[in-house]
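**Student:** the following block contains a protein sequence and its predicted model.
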Amino acid sequence: MRTLIDLTNWNRKEHFEFFGGFDEPFFGITTTVDFTIGYQKIKDLGYPYFLYYLHKSLLAANAIDAFRYRIDDKEVFLYDKIHASPTIGREDHTFGFSFMEFNADFEAFQAEAKKEIMEVKNTSGLRHTDNAKRIDTIHYSSIPWYNFTGLTHARHFQFKDSVPKISFGKYSKENGKLNLPIAINVHHGLVDGYHVGLYLEEFQRLLNE
């Protein structure tokens, strides 16, 4: 379900129109979150590493209205819920796109996500399916081989995109604390730095639960 935003009375009308005219309307922030408590919980409960923090990230994104705005044919919609479309790596070092439906319950989410991961691993190519192309998603990727302090994305500027992109890197340990790098790229007509801050605050709170 989605709700059409009345642009005439929307307090972001000018922001949307201004940044919507840019060749590159996305801006990106790279930072870290404290993964110490979350990592310990993964070890204690035997949860899948990637699916655990992916689910926390998706919960956080669904809690922030700005992360649920999408542009469809020049109109803005607020979606009731947003799903995940992460890249999944294979043994041959290629990857495929996936679709993981949002469920607030982690056990239910991971059960379905594991099926999707196996489906991707047992196929070839990009797997650019209709579900992977849905705009009511967040494009996720994980780069577990190294830490990063900056990240860019391949972009087709003729394609009018408004889907947030969130990437995670390899965690590092410093003074007994685990830092998980995260890069967040969002459409500036829909999201400001303030909203990214709200997302990071909620994500950190959920990791610390």
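**Tutor:** Arrived safely. Numbering: from 1, shown residues only.

**Student:** going forward, measure contacts and count neighbours with C-alpha atoms only.
**Tutor:** Fine.

**Student:** dump the residue contacts of the closest residue to residue 1 other than its chain neighbours.
**Tutor:** Nearest residue to residue 1, sequence neighbours excluded (CA to CA, 6 or more residues apart in numbering): residue 80, at 5.6 Å. By CA atoms under 8 Å, 6 or more residues apart in numbering, residue 80 lies in contact with 1-3, 68.

**Student:** who wins for neighbours among those?
**Tutor:** Neighbour counts for the contacts of residue 80 (other CA atoms under 10 Å) peak at residue 68, which has 25 neighbours.

**Student:** wait, that one sits on residue 76?
**Tutor:** No - checked against CA atoms under 8 Å, the pair residue 68 and residue 76 is beyond contact range at 10.2 Å.

**Student:** let me see the ranges of the strands in the chain.
**Tutor:** Listed in chain order, the strands of the chain (DSSP state E) span 2-4, 26-34, 69-72, 75-79, 83-89, 95-97, 137-143, 165-169, 172-174, 177-187.

**Student:** residues near residue 198, how many?
**Tutor:** Count around residue 198 with other CA under 10 Å applied: 16.

**Student:** excluding its backbone neighbours, what's nearest it?
**Tutor:** Nearest one to residue 198, counting by CA to CA, 6+ apart, is residue 64 at 7.2 Å.

**Student:** any idea how far the one you found lies from residue 201?
**Tutor:** In this view, residue 64 and residue 201 are 11 Å apart by CA to CA, to the nearest Å.

**Student:** what do these two both touch?
**Tutor:** Contacts common to residue 64 and residue 201, judged by CA under 8 Å, 6+ apart, are absent.

**Student:** for stretch 161-170, buried residues please.
**Tutor:** For stretch 161-170, a neighbour-count test (16 or more other CA atoms under 10 Å) marks 161-169 as buried.

**Student:** residue 56: neighbour count?
**Tutor:** The burial count for residue 56: 20, using other CA under 10 Å.

**Student:** got the end-to-end distance for stretch 155-172?
**Tutor:** 29 Å.

**Student:** could you give me the average pLDDT of that stretch?
**Tutor:** For stretch 155-172, the mean per-residue pLDDT is 90.

**Student:** got it, and stretch 112-123?
**Tutor:** Mean per-residue pLDDT for stretch 112-123: 96.

**Student:** tell me how far that stretch lies from the chain's centre.
**Tutor:** 19 Å (CA atoms, centre = their mean, to the nearest Å).

**Student:** give the buried residues for that stretch.
**Tutor:** 113, 116-117, 120-121.

**Student:** contact partners of it?
**Tutor:** So stretch 112-123 is contacted by 51, 88-91, 96-101, 127 (CA under 8 Å, 6+ apart).
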